[in-house]
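Chemist: coords please:
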Amino acid sequence: MADDAAWTASEFAADHVSNGAGAPVEMRRIAMPDGVRLRVAVWPKPERARGTALVLTGRAEFIEKYAETAGALTARGFRVVALDWRNQGLSDRPLPNRQIHHLTDFMTLVDDLDEVHRQVVAPVAAETGGPVILLAHSMGGLVTTLAMARHVDDDPGRYAAVLLAAPMYAIHSGLLPRWLVRVLASLGLACGWGARYALGQGDYDPAEGRFRLDNKITADPRRYAAFHSPFAERPQLRVGGVSFAWVAAALDAEEALRDGLPLERVRTPVLLLSAPGDRVVRAKVHRAVAARLGNAHLVEYPDARHELLMECDVIRDRVWADIDAFLDRTLQHKTLAPADGSVVG
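Modeler: As a prediction, the model looks like this:
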C-alpha cells in the first residue's frame, strides 16, 4: 500500500493537469465490503453546475491520467468523480507482485462500482444537483455495461447518459484464435496458476514509455506521455500484464455480453465511441453490442486508435463534438444547478 501522503489531493502532480481542470478537491479511501480500499477523487463543483460525471478508467490506468478529461467535463459544467479500480492505481493490490493485474470475476468490479456510487457519487450528486452521467474507457466500459444490465429492473435511471469510449467487450488476441486463448486460460487455472501472469505477460517495461509511431493507443506524443510518464515518476502506479484468471474472467464477460445479459432492456441513453482499427479490443463487437442495447448510438472514427479521449486534436475534437451533441439532446430537459443551490429549468 502506498503511504497515506499519496492519497492527498496535493499529491496530484501539477504537470498532469491541463485545460484548467486543477487538482481534485479531495482524495478519499473507500472501503469495499471485502476490506479492499479504493482511491476516489472528487473535483470542485463548477460555478454553474450542470450535473455530476463519474469517470471510469481502463485497465492499468489511474486517476491522474484523466486530468485533461476532467478538465473537459468541468468546462462543460460537470462535477467530476473518478476512481482507481482495485489492483491498479493507488487502490489496494493484494498480490505479493503488485504489478500482476489479477481478477477472478468482472462482477467484482461491478460490486465496487455500486459501492462507490453509494458512498461517493450519490452524495456528491445530491450536493451538486442535476443528473449523473458516466464516462468510461475500455475496461471501464465493460464494467459499466455489466452494471447497466444488473440494474435494468431495480435502478434503470441511475445514469441520465452513458458515454463509452472503446469499451473492452472483447480483448484483442492478435493471431491467436479465441478457442486457444480459452484453452490456455483454463489450463493455467487447472494448474493452480490463476494469480500468475498469463503466457506472454510480465511486469511493466519502462521502454514502453518511449513514444513510437506504431503504438496502439494514440498518435499524440504528449497524451501518450500523460499515461506513461507517471509510471517513471511514481513506480507504485505501475501495472504489468494480466493473470490467467483475469483472461478467463474477460472471456466469461465477453460470453455473457453475447449470450446471457438482457441488453435489449437497457433504456439508458448510450453513446458508444469506437475505433474500427483498434488493436487493444475487438472493435467489431462494438457494433454487435450497440445493436443489442435498447437505446444506443454508435459513432466510429476510422483514423483513431484505442485512446479516443487522448487522441490527437483533430480526432479528439470530433469525439468531444459528438459527445456534446449527444449530451445536449439527452439532457435537454434536465435541470441545471448553479453553485448557490438554486435550480434553473
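Chemist: C-alpha only now, for contacts and for neighbours.
Modeler: Will do.
Chemist: where do the strands sit along the stretch 101-250 of the chain?
Modeler: Taking DSSP state E, counting those that start in this stretch to define them, one finds strands in the stretch 101-250 of the chain at 132-137, 161-165.
Chemist: for A245, which of those is the nearest?
Modeler: strand 132-137 (21.6 Å; Cα to Cα).
Chemist: next, name the residue at the spatial heart of this protein.
Modeler: For the chain, the residue sitting closest to the mean C-alpha position, by Cα atoms, centre = their mean, is T57 at 2.5 Å.
Chemist: roughly how far does it sit from A253?
Modeler: To A253, T57 is 18 Å away according to Cα to Cα, to the nearest Å.
Chemist: and for C191?
Modeler: From C191 to A253 the distance is 22 Å (Cα to Cα).
Chemist: ok, those two, which is more surrounded?
Modeler: Neighbour count, other Cα atoms under 10 Å: between C191 and A253, A253 has more, with 23 against 8.
Chemist: one step back: could I get the strands of the stretch 101-250 of the chain as a markdown table with distance to P262, mean pLDDT and mean neighbour count?
Modeler: As requested, the strands of the stretch 101-250 of the chain are arranged in a markdown table below (distance: least, Cα to Cα, whole Å; pLDDT from 0 to 100; neighbours: other Cα atoms under 10 Å):
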| stretch | distance to P262 | mean pLDDT | mean neighbour count |
| --- | --- | --- | --- |
| strand 132-137 | 20 | 98 | 23 |
| strand 161-165 | 17 | 98 | 24 |
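Chemist: want to throw those strands into TSV with distance to F106?
Modeler: Shown next, in TSV, are the strands of the stretch 101-250 of the chain (distance: least, Cα to Cα, whole Å):
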stretch	distance to F106
strand 132-137	15
strand 161-165	17
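Chemist: closest one to F211 among the ones you listed?
Modeler: For the strands of the stretch 101-250 of the chain, the distance to F211 is smallest for strand 132-137, at 20.9 Å, taking Cα to Cα.
Chemist: got any ranges where the stretch 1-150 of the chain has weak pLDDT?
Modeler: Within the stretch 1-150 of the chain, the segments meeting pLDDT under 70 span 1-22.
Chemist: change it to 80
Modeler: By pLDDT under 80, the weakly predicted segments of the stretch 1-150 of the chain are 1-23, 25.
Chemist: now do the helix or strand hosting A72: distance to the chain's middle.
Modeler: Per DSSP states H and E: A72 is located in helix 67-75. Relative to the chain's own centre, helix 67-75 is displaced by 15 Å; criterion: Cα atoms, centre = their mean, to the nearest Å.
Chemist: can you give me the angle that helix makes with strand 132-137?
Modeler: Helix 67-75 runs at 160 degrees relative to strand 132-137, counting by axes from the mean of the first three to the mean of the last three Cα atoms, to 10 degrees.
Chemist: numbering from 28 from now on, please.
Modeler: I'll keep to 28 as the first residue from here, and by that count the last item is helix 94-102.
Chemist: from the contact counts, what lies against helix 94-102?
Modeler: Under the contact criterion of 3 or more Cα pairs under 8 Å, 6 or more residues apart in numbering; DSSP states H and E, helix 94-102 touches strand 105-110.
Chemist: neighbouring strands for the strand it packs on, and are they parallel or not?
Modeler: Using DSSP bridges, the strands paired with strand 105-110 are strand 64-69 (antiparallel), strand 78-83 (parallel).
Chemist: mean neighbour count, those: which tops it?
Modeler: Greatest average neighbour count among these goes to strand 78-83 (a mean of 27), per mean count of other Cα atoms under 10 Å.
Chemist: what does that one contact?
Modeler: Contact partners of strand 78-83, identified using Cα atoms under 8 Å, 6 or more residues apart in numbering, comprise 100, 104-110, 148, 151-152, 155-164, 167-168, 363-364.
Chemist: need the contact list for the nearest residue to R185 once chain neighbours are set aside.
Modeler: Leaving aside its sequence neighbours, R185 sits nearest to V159 (Cα to Cα, 6 or more residues apart in numbering; 7.4 Å). With contact taken as Cα under 8 Å, 6+ apart, V159 is in contact with G78, T79, A80, L81, A152, R185, Y186, A187, A188.
Chemist: show me what contacts W112?
Modeler: By Cα under 8 Å, 6+ apart, W112 lies in contact with L65, R66, T84, S118, L136.
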